[in-house]
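K.L.:
model the structure of this input:
(one chain, ligands or ions: 1)
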Amino acid sequence: MPNETRGGGARRGQEVLQRLRERPPSIWYGGEAVQDVTTHPALKGGVHTLASLYDLQWEKADITLYDSPTSGKKVARSFMMPKTREELASISRAMKVWEDRTFGMMGRVPDYINRAMTGYAAGAPFLAEADPRFGQNAVRYYEYLRENDLCLTHTLIPPQANRAVSAAKQADPFLAARIKEETDAGIVIRGCRMLATLPISDEIMVFPSTLLKSPEEDAPYAFGFSIPNDTPGLRFICRESVDYGRSHFDHPLGSRFEEMDAVVIFDDVFVPWENVFLYRDIKRCNEAYARTGALAHMTHQVVVKNIAKCEFVMGLSSLLVTTIGAEIFQHIQEKLAEIWVNLETMKAFLRAAEADAQLDEWGVMRPAWNPLDAARNLFPRLYPRMVEIIQQIGASGLVAMPTERDLKGPLAEDIRKYYQAARAEAFDRIPLFRLAWDTALSAFGSRQVLYERFFFGDPVRMAGALVTGHNSQIQEYAEKVRAFVKQNRDEAFAAGSATQGN
Ligand SMILES: Cc1cc2nc3c(=O)[nH]c(=O)nc-3n(C[C@H](O)[C@H](O)[C@H](O)COP(=O)(O)OP(=O)(O)OC[C@H]3O[C@@H](n4cnc5c(N)ncnc54)[C@H](O)[C@@H]3O)c2cc1C
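P.N.:
Numbers count the residues shown, from 1 in each chain. This is a model prediction of the structure:
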């Protein structure tokens, strides 16, 4: 990280593209190093959408930007440290702008990590308790991001080799990214992290995994830092693209919103001390998300994404139904109602999180955790179900779907005749059903389902954390029930009482 935190403030799309060209992330695709992510067929769709979001923030500047407290320049509102509930709500309104443009289908729009890093910087005193430098680093890095409007990916978990044992007990102790060396200037990391979505970005936050257990064994795996994506030795290996240069007509979502996922290799990557936020401190690594507020601020962003996604599925399902005249069937209405309830549930969670927000120990207005926690545990079940509903509504219409070339080919008149629908010409019906297919059936659609199931963590372990985390509240309810049971028993066995009722 440069020592100075000056920058031009909120970026526009051209600046995003230019930086990706000048400082290309070290991305590998199909066995080859990608020279230019802005033109590569597997990546350019997502890259150009990303750039367009930065243009959009200027088009909606009154909602999405605010005045930097240090430079006075316009910067992205997702970097704001809110002091009031109104400021907090202004952040979710700003984040909704990008979510509306992407229909919630780019889970890792930069707002996500912007909120995380804002949380980490707000909670810098917590990081500083371990080493004053770490607190300073977090604040300086956050300001550097904000003033330069950089875009981040992040990575948390070790590779999926043997989940029955910890990182330290894998066949090779350097399978999972691990501290190899420490010098006066910084640390050297060797090994791998399982996943980073949006490698088409400027820098990477390597967060601590929250699963560290043994102070001795796990210490070499306990660190939090951030580095540019072109740092020597850092490599991203991409999965196969869900799109690979197909037209917007054929792949309406995939061709635009392919954010890409990659495995991250650290081949003796040097990380200067000024980029380190957490180091070898297992307890602090495990607590950092929650204590700093990063977790709540990130989840706030996630719920905004969920709302946009529900709105999209609601609109899409309604159009599908009316296009083929299926709205008369009661079970179809029930399914539309189910999506509506999901949408209103997410909106209610957001509203509750903002209405019950409190100033935290760092003086930042933190959204209330309970509704956010409920939302993050619920949505992994709601989204796959909504995709199932689209399949149930669309049925064979989701596969009877010619491509752009078919429509422009010699069978166009056949297509015009036989693909018509009750309320749409064939050439209007087909793009609608292609959209439904890309939501519910394509590689893009399946990856979205997998994303919603897992991106915030394993739902099984998240549920466990929920029960542990809310145990005292749960026990209050248990006490109420216990008192009623006891009262019932005492009444029945009270001397001289007669059993009543039957
Ligand atoms: C599309 C997508 C994008 C993602 N993007 C990112 C990203 O940008 N950055 C990032 O850091 N991560 C990302 N993730 C990773 C995400 O954090 C993990 O998927 C999640 O934490 C679950 O871990 P895992 O995939 O390694 O599953 P595993 O831990 O390997 O689990 C596999 C199965 O074993 C079970 N299991 C494993 N261990 C236990 C246990 N101890 N107790 C009970 N059951 C267990 C799980 O329930 C699951 O059914 C992404 C994931 C997906 C699918």
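
K.L.:
in this structure residue 239 contacts residue 259, no?
P.N.:
No. The pair residue 239 and residue 259 does not pass the contact test of Cβ atoms under 8 Å, sitting 11.2 Å apart. C-beta: built from backbone N, CA, C; applies to glycine.

K.L.:
quick one, which of those two is more surrounded?
P.N.:
Of the pair residue 239 and residue 259, residue 259 is the one with more neighbours under other Cβ atoms under 10 Å, namely 25 against 14.

K.L.:
just say helix, strand or coil for the more buried one.
P.N.:
At residue 259 the chain is in coil, as set by DSSP: H, G, I helix; E, B strand; the rest coil.

K.L.:
with residue 434 as the reference, measure out to it.
P.N.:
Using Cβ to Cβ, to the nearest Å, residue 259 is found at 20 Å from residue 434.

K.L.:
same check, this time on residue 373
P.N.:
With Cβ to Cβ as the criterion, residue 373 and residue 434 are 37 Å apart.

K.L.:
tell me which element the closest residue to residue 251 other than its chain neighbours falls in.
P.N.:
Distances taken as Cβ to Cβ, 6 or more residues apart in numbering place residue 243 nearest to residue 251, at 5.1 Å, with adjacent residues excluded. Residue 243 belongs to no helix or strand when assigned by DSSP states H and E.

K.L.:
what does residue 89 give?
P.N.:
Assigned by DSSP H and E, residue 89 belongs to helix 85-102.

K.L.:
buried set for the following helix or strand past that helix?
P.N.:
Going down the chain from helix 85-102, the next helix or strand is helix 111-122, by DSSP H and E. Neighbour counts using 16 or more other Cβ atoms under 10 Å place 111-122 of helix 111-122 among the buried residues.

K.L.:
in terms of secondary structure, what does the next helix-or-strand element following helix 111-122 contact?
P.N.:
Beyond helix 111-122 in the direction of the C-terminus, DSSP H and E gives the next helix or strand as helix 124-128. Packing partners of helix 124-128 (3 or more Cβ pairs under 8 Å, 6 or more residues apart in numbering; DSSP states H and E): helix 132-148, helix 282-292.

K.L.:
pLDDT averaged over the helix holding residue 89, what's the number?
P.N.:
For helix 85-102, the mean pLDDT works out to 98.

K.L.:
what angle sits between it and helix 111-122?
P.N.:
Orientation of helix 85-102 against helix 111-122 (axes from the mean of the first three to the mean of the last three Cα atoms, to 10 degrees) gives an angle of 150 degrees.

K.L.:
from here on, call the first residue 3.
P.N.:
That works, and once the first residue is 3, the last one we named lands at helix 87-104.

K.L.:
who's in contact with helix 87-104?
P.N.:
Defining contact as Cβ atoms under 8 Å, 6 or more residues apart in numbering, one finds that helix 87-104 is touched by 51, 54-55, 58-59, 62, 65-68, 78-80, 82, 84, 108, 111, 113, 117, 258-259, 302-303, 306-307, 309-311, 313, 352, 356-357, 359, 367, 369.

K.L.:
repeat the analysis, applying 6 Å as the threshold.
P.N.:
Under the criterion Cβ atoms under 6 Å, 6 or more residues apart in numbering, residues 55, 58, 62, 65-66, 79-80, 82, 84, 111, 113, 259, 303, 306-307, 310, 356, 359, 367 lie in contact with helix 87-104.

K.L.:
just the buried ones among those residues, please.
P.N.:
55, 58, 66, 79-80, 82, 84, 111, 113, 259, 303, 306-307, 310, 356, 359, 367.

K.L.:
and the residue in the stretch 253-402 of the chain positioned nearest to the ligand, what are its bridge partners?
P.N.:
Scanning the stretch 253-402 of the chain for proximity to the ligand using Cβ to the nearest ligand atom identifies residue 263 as nearest, at 5.0 Å. Note on residue 263: beta-bridge partners by DSSP bridges are residue 199.

K.L.:
shouldn't residue 71 be within a helix?
P.N.:
No. Secondary structure of residue 71 (three-state DSSP): coil, not part of a helix.

K.L.:
can you count the residues close to it?
P.N.:
12.

K.L.:
next one: the one 10 residues further on
P.N.:
As a burial measure, residue 81 scores 25 neighbours (other Cβ under 10 Å).

K.L.:
now the residue nearest to it when sequence neighbours are not counted: how far from the ligand?
P.N.:
Of all residues not flanking residue 81 in the chain, residue 148 sits nearest, at 4.0 Å (Cβ to Cβ, 6+ apart). Going from residue 148 to the ligand by Cβ to the nearest ligand atom, to the nearest Å gives 21 Å.

K.L.:
then residue 140?
P.N.:
Taken as Cβ to the nearest ligand atom, the span from residue 140 to the ligand is 19 Å.

K.L.:
go ahead and confirm that residue touches residue 280.
P.N.:
No. Contact criterion Cβ atoms under 6 Å: residue 140 and residue 280 do not qualify, at 9.1 Å.

K.L.:
which one of these two is surrounded by more residues?
P.N.:
A direct count of neighbours by other Cβ under 10 Å for residue 140 and residue 280 places residue 140 higher, at 29 against 24.

K.L.:
now do the contacts for the one residue in the stretch 3-152 of the chain that gets nearest to the ligand.
P.N.:
Nearest to the ligand, among the residues of the stretch 3-152 of the chain, is residue 110, at 6.0 Å (Cβ to the nearest ligand atom). Applying Cβ under 6 Å, 6+ apart to residue 110 gives the contacts 199-200, 261.

K.L.:
among those residues, which are in reach of the ligand?
P.N.:
Filtering the contacts of residue 110 for proximity to the ligand by Cβ under 6 Å from any ligand atom leaves residue 199.

K.L.:
let's have the contacts of residue 110 in TSV, adding pLDDT.
P.N.:
Formatted as TSV, these follow (pLDDT from 0 to 100):
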residue	pLDDT
199	98
200	98
261	98
